[in-house]
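Visitor: coords please:
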Amino acid sequence: MEVFYYLVFGGLAAVVAALELGKSGKDRVATPTAFNSFKNNYVLVYSLMMSGDWLQGPYVYYLYSQYGFDKGDIGRLFIAGFGSSMLFGTVVGSLADKQGRKRACITYCITYILSCITKHSPQYRILMIGRVLGGIATSLLFSAFESWLVAEHNKRGFDPQWLSITFSKAIFLGNGLVAIVAGLFANLLADNLGFGPVAPFDAAACFLAIGMAIILSSWGENYGDASEGKDLMAQFKVAAKAIASDEKIALLGAIQSLFEGSMYTFVFLWTPALSPNDEEIPHGFIFATFMLSSMLGSSIASRLLARKMKVEGYMQIVFSISAFTLFLPVVTNFIVPPSEKGSSISFGGCLQLLGFCIFESCVGIFWPSIMKMRSQYIPEEARSTIMNFFRIPLNLFVCVVLYNVNAFPITVMFGMCSIFLFIAAILQRRLMVVSDLHRSISTKATEMTAEDEPLNP
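Guide: Predicted structure coming up:
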């Protein structure tokens, strides 16, 4: 493996270590023992849930190919997963608000464990059922856990500013360190120990079962709007009304869909982008490098949030940088000459890899920051429902991309993602303006009310 990969990985590791070890008093927030215990419990559960997800990632495509399915068959399986998340996401989100977020988190564990079990069957129909279950589980993973955390945090009377601490730590570990370790552990099980490509799925089921046991034993239940008179359709109407009547929520949903849609598209595109002529690249090592970049981003986000930097402000810069990094493949395609077929990574590929690492750092900043904004703007009574409403355009976009992945040149796909990210930056600017205006009006109304109150005799 070329020295270039080690230099990038080592440089990123050094920067992450320096940021974490060099935190000053401004970067740390003093919190009580009760909150620390609550935070550590959630971060542990979230890390176990994410490990169950990350363990599967490297071997899903490979397992399907080992069962003898071609690219078209595998593509349809992936579309089934995103499609089920789009179709059933709002339903399970609404049920989480009404029936309880703890129950929804347990349902996630059970559903994903069943999805892992289906991987033992080479039958296409069984694997399709597994993808549908996996899509439902994904909707719960990215809505129920966060909804439970925000509600429980507020119910226990903790400072709302401390939510950002939990978000940053969960992303740093669950979406960074755990992802790296999970990838290495999956490789150990499947290749080094010779258990085969289904072994990581069995390991994922075990981690999910452990997490479920912790949830059952230590989490309390909380709800959105559990009114007896409200059925599923009423929950949908509450969520739709909130999005339609509040520009801030609508903008937040559009921003999330644009960024995450580009992010998931990037997942499918980075391999052919770095090896357009079948250059030999270490996929596993590059994946670990991307996850390290994400850790760097979450570490930066924790500093920004600890210093109470305005999320709506700095995210404009993050989206703009993201747009530039995903436009790099378009630029290098025209400027840098292609390498020979079967050789090592080209100079253009090296530039793109550096750009992709910056993009992954932006992803690391995005997660805790979008969680912070969601906790501020989305109403509690329909939090899970609204969060899954946001995922409908995201999943639809990814399904369209997967279906047409061979219809457009890769540069067109990256250019499209870059445009989406630039639009996200513009919408983020609009969100900041609307938020400041709303805050200003609320402040003036409070001052007027105080002036109208009679003085005490």
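
Visitor: gap between G194 and W148?
Guide: Applying CB to CB, to the nearest Å, the value for G194 to W148 is 39 Å. Quick note: C-beta positions are derived from backbone N, CA and C, even for glycine.

Visitor: so for these two, which sits in the more crowded spot?
Guide: Higher neighbour count among G194 and W148: W148, with 27 against 8, using other CB atoms under 10 Å.

Visitor: what residues sit buried inside the helix or strand where the more buried one lies?
Guide: Assigned by DSSP states H and E, W148 falls within helix 144-155. Residues A144, F145, E146, S147, W148, L149, V150, A151, E152, H153 are the ones in helix 144-155 that count as buried (16 or more other CB atoms under 10 Å).

Visitor: same check, this time on stretch 427-441
Guide: Residues L427, Q428, R429, R430, L431, M432, V434, S435 are the ones in stretch 427-441 that count as buried (16+ other CB under 10 Å).

Visitor: touching that stretch from outside, list them.
Guide: Residues outside stretch 427-441 that contact it (CB atoms under 8 Å, 6 or more residues apart in numbering): 247-248, 251-252, 254-255, 258, 310, 312-313, 315-316, 319, 373.

Visitor: which of these sit farthest apart?
Guide: L258 and K310 (20.3 Å; CB to CB).

Visitor: those two: which is more packed in?
Guide: Taking neighbours as other CB under 10 Å, L258 and K310 compare with L258 leading, 25 against 12.

Visitor: tell me how many other residues crowd the nearest residue to I215 once chain neighbours are set aside.
Guide: Leaving aside its chain neighbours, I215 sits nearest to C105 (5.5 Å; criterion: CB to CB, 6 or more residues apart in numbering). For C105, the neighbour count with other CB under 10 Å is 23.

Visitor: could you do the one 5 residues further on as well?
Guide: The local packing of I110 (other CB under 10 Å) involves 14 other residues.

Visitor: so, low pLDDT: which residues of the stretch 151-300 of the chain?
Guide: Along the stretch 151-300 of the chain, segments meeting pLDDT under 70 span 225-232, 235.

Visitor: how about the stretch 1-150 of the chain?
Guide: In the stretch 1-150 of the chain, residues with pLDDT under 70: 1, 24-28.

Visitor: against C357, how distant is I286?
Guide: I286 is 9 Å from C357, by CB to CB.

Visitor: please disregard the earlier target; I meant A186.
Guide: 22 Å.

Visitor: ok, now G83?
Guide: Relative to C357, and taking CB to CB, G83 is found at 31 Å.

Visitor: where's the spatially most central residue of the chain, which helix or strand?
Guide: Nearest to the geometric centre of the chain sits W367, at 6.0 Å (CA atoms, centre = their mean). In the assignment (DSSP H and E), W367 maps to helix 347-377.

Visitor: next, the buried residues of that helix.
Guide: Those would be 348-353, 355-375, 377, for helix 347-377 by 16+ other CB under 10 Å.

Visitor: next structured bit after that helix?
Guide: Defined by DSSP H and E, the subsequent element after helix 347-377 is helix 383-403.

Visitor: what residues of that following helix count as buried?
Guide: Neighbour counts over helix 383-403 (16+ other CB under 10 Å) mark 383-395, 397-399, 401-402 as buried.

Visitor: residues of the helix or strand hosting V91 that come out buried?
Guide: V91 is located in helix 71-99, with elements delineated by DSSP H and E. Residues 74-86, 88-99 are the ones in helix 71-99 that count as buried (16+ other CB under 10 Å).

Visitor: ditto for stretch 275-295
Guide: By neighbour count with 16+ other CB under 10 Å, stretch 275-295 contains the buried residues 275-276, 279, 281, 286-295.

Visitor: what's the angle from the helix holding V91 to helix 144-155?
Guide: Comparing the axes of helix 71-99 and helix 144-155 via axes from the mean of the first three to the mean of the last three CA atoms, to 10 degrees yields an angle of 20 degrees.

Visitor: packing partners of helix 71-99?
Guide: Other helices and strands packing on helix 71-99, by 3 or more CB pairs under 8 Å, 6 or more residues apart in numbering; DSSP states H and E, are helix 60-66, helix 101-118, helix 124-141, helix 144-155, helix 232-245, helix 383-403.

Visitor: what do you get if the cut-off is 7 Å, keeping everything else the same?
Guide: Packing contacts for helix 71-99, counted by 3 or more CB pairs under 7 Å, 6 or more residues apart in numbering; DSSP states H and E, involve helix 60-66, helix 101-118, helix 124-141, helix 232-245, helix 383-403.

Visitor: convert the fourth one to CSV, retaining C-alpha atoms only.
Guide: Presented in CSV, the C-alpha positions along helix 232-245 are these (Å, rounded to 0.1, in the frame of the first residue of the first chain):
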residue,chain,number,x,y,z
LEU,A,232,-52.3,7.7,13.0
MET,A,233,-53.8,10.0,10.5
ALA,A,234,-54.2,12.7,13.1
GLN,A,235,-50.5,12.4,13.9
PHE,A,236,-49.7,12.9,10.2
LYS,A,237,-51.9,16.0,10.1
VAL,A,238,-50.1,17.5,13.2
ALA,A,239,-46.7,16.8,11.6
ALA,A,240,-47.8,18.2,8.2
LYS,A,241,-49.4,21.3,9.7
ALA,A,242,-46.2,22.0,11.7
ILE,A,243,-44.1,21.8,8.6
ALA,A,244,-46.5,23.9,6.5
SER,A,245,-47.1,26.6,9.1
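
Visitor: ok, and what's touching it?
Guide: Applying CB atoms under 7 Å, 6 or more residues apart in numbering, the external contacts of helix 232-245 come out as 90-91, 94, 97-98, 225, 249-250, 253, 379, 381-382, 385-386, 389.

Visitor: so which bits of it are buried?
Guide: Residues of helix 232-245 classed as buried by neighbour count (16+ other CB under 10 Å): Q235, F236, V238, A239, A242, I243.

Visitor: likewise the third one?
Guide: Of the residues in helix 124-141, those with enough neighbours to count as buried (16+ other CB under 10 Å) are 127-141.

Visitor: so which of those residues is the closest to V43?
Guide: Closest to V43 out of the buried residues of helix 124-141 is L141 (15.0 Å), distances taken as CB to CB.

Visitor: now that closest one, nearest residue through space, not along the chain?
Guide: Setting aside the residues directly before and after it, L141 is nearest to Y108 in space (CB to CB, 6+ apart), at 5.7 Å.

Visitor: same question for D202.
Guide: Nearest non-adjacent residue to D202 (CB to CB, 6+ apart): C116, at 6.9 Å.

Visitor: these two touch, right, that neighbour and A199?
Guide: No: contact criterion CB atoms under 7 Å: C116 and A199 do not qualify, at 10.8 Å.

Visitor: so which of those two has more stuff around it?
Guide: Neighbour totals were compared for C116 and A199, and C116 leads with 25 against 20 (other CB under 10 Å).

Visitor: so who does that one touch?
Guide: Applying CB under 7 Å, 6+ apart, the residues near C116 are F201, D202, A204, A205.

Visitor: save those residues as a markdown table, and put in secondary structure and distance to T271 too.
Guide: Below are these laid out as a markdown table (DSSP: H, G, I helix; E, B strand; the rest coil; distance: CB to CB, whole Å):
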| residue | secondary structure | distance to T271 |
| --- | --- | --- |
| F201 | helix | 22 |
| D202 | helix | 26 |
| A204 | helix | 22 |
| A205 | helix | 27 |
